[in-house]
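> here is a sequence together with a model predicted from it:
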Amino acid sequence: RSLSMSVLFVVLTVFCSQVCSALLSVSGLYGDTVTLPCDGSYYRPTPEERKIVQWETADHYVLEFNRGLNLTGPGFENRAELSRERIRDGDFSLILRNVTFSDEDIYECQFVNDRSERKFLGGVKLTVLGHEENISLSWGDPLSVPLHTQQAALDSTVISYSSRLKAWVQDQVLKISSVRAEDGGTYTVQDSQRNRISTVHVTVGGEEWGSSGELAQCDSFTSVSP
């Protein structure tokens, strides 16, 4: 038993040192496109019809570039891609579009040779950040807040904000009509897990009030409260 534990410890140590030493960090804003780098220059001479590149996390199959085709895993359809032109130049970087907080993870890049052996090329830790913005308005101005997500609501949806104001969504922007000084403060747009997609600090008439509110929860988007 002692020998087995020692062997296991050695294997885990070797694996960790391999992954951790090559780990890069990449951050991107919610909804943006990020590029996770992977240097495959060693395999540049390999013909395209023999190139197989895989990207995955500990729990998810992300993408496989297999002889010119991009094969994506669940949840990454139409979002993950490897560029054929870059692969020809030995650049195996993963392009990931419309990133969300659930995409935060450690991604591993691997090359599969003719003997189906996986060659680890590197790991990338992805961090997704929320947007933050300061807005100064005059009394009576409309307030427009970019939602940075297509999951918030349908365009032209009218939302009850208060007895005085109405809010609606148009072109993925939340709009609130005719603000007053008491509408100043800090507002947030959150996803269903209460992660902050956007934080907006609003000043009306040159004076920021101490109120704060949740502009939207992007699953239901049924109410807006100051």
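Cool, got the structure.

> verify the stated contact: residue 184 with residue 203.
Yes. Contact criterion CB atoms under 8 Å: residue 184 and residue 203 qualify, at 5.3 Å. C-beta here means a position set from N, CA and C on the backbone, and glycine is covered the same way.

> more neighbours, the two?
Higher neighbour count among residue 184 and residue 203: residue 184, with 25 against 16, using other CB atoms under 10 Å.

> for this protein, which segments are assigned as helices?
2-21, 84-88 (DSSP state H).

> list the buried residues in the shortest one.
Neighbour-count burial for helix 84-88, counted by 16 or more other CB atoms under 10 Å, picks out residue 87.

> CA atoms of that helix as PDB?
Extracted in PDB, the C-alpha atoms of helix 84-88 (Å, rounded to 0.1, in the frame of the first residue of the first chain):
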ATOM      1  CA  ARG A  84      -7.300  26.700 -40.500                       C
ATOM      2  CA  GLU A  85      -4.900  29.400 -41.700                       C
ATOM      3  CA  ARG A  86      -3.300  29.700 -38.200                       C
ATOM      4  CA  ILE A  87      -3.000  26.000 -37.800                       C
ATOM      5  CA  ARG A  88      -1.100  25.800 -41.100                       C
END
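
> other residues contacting it?
Identification of contacts with helix 84-88 by CB atoms under 8 Å, 6 or more residues apart in numbering yields 40, 44, 48, 51, 53, 65, 68, 92-93.

> check which helices and strands the longest strand along the chain sits against.
Secondary structure of the chain per DSSP state E: the longest strand is strand 118-129. Packed against strand 118-129 by the contact rule (3 or more CB pairs under 8 Å, 6 or more residues apart in numbering; DSSP states H and E) you find helix 2-21, strand 23-29, strand 34-36, strand 105-112.

> the contacts of helix 84-88 in strands, which ones?
Short answer: those in strands (DSSP E) are 53, 65.

> got the contact list for the residue nearest to the spatial centre of the chain?
By CA atoms, centre = their mean, the mean C-alpha position of the chain lies nearest to residue 99, the distance being 2.4 Å. By CB under 8 Å, 6+ apart, the residues touching residue 99 are 28, 30-34, 126, 128.

> which of the contacts of helix 84-88 sits closest to residue 105?
Of all the contacts of helix 84-88, residue 105 sits closest to residue 93, with 16.3 Å by CB to CB.

> wait, the closest one sits on residue 38?
Yes. Assessed by CB under 8 Å, residue 93 is found in contact with residue 38 at 5.3 Å.

> so for these two, which sits in the more crowded spot?
Using other CB under 10 Å as the criterion, residue 93 and residue 38 rank with residue 38 on top: 25 against 19.

> for the closest residue in space to that one that isn't next to it in sequence, what are its contacts?
With sequence-adjacent residues excluded and distances taken as CB to CB, 6 or more residues apart in numbering, residue 38 is closest to residue 109, at 3.6 Å. Residue 109 sits next to 36, 38, 40, 53-55, 92, 94, 120-124 when contact means CB under 8 Å, 6+ apart.
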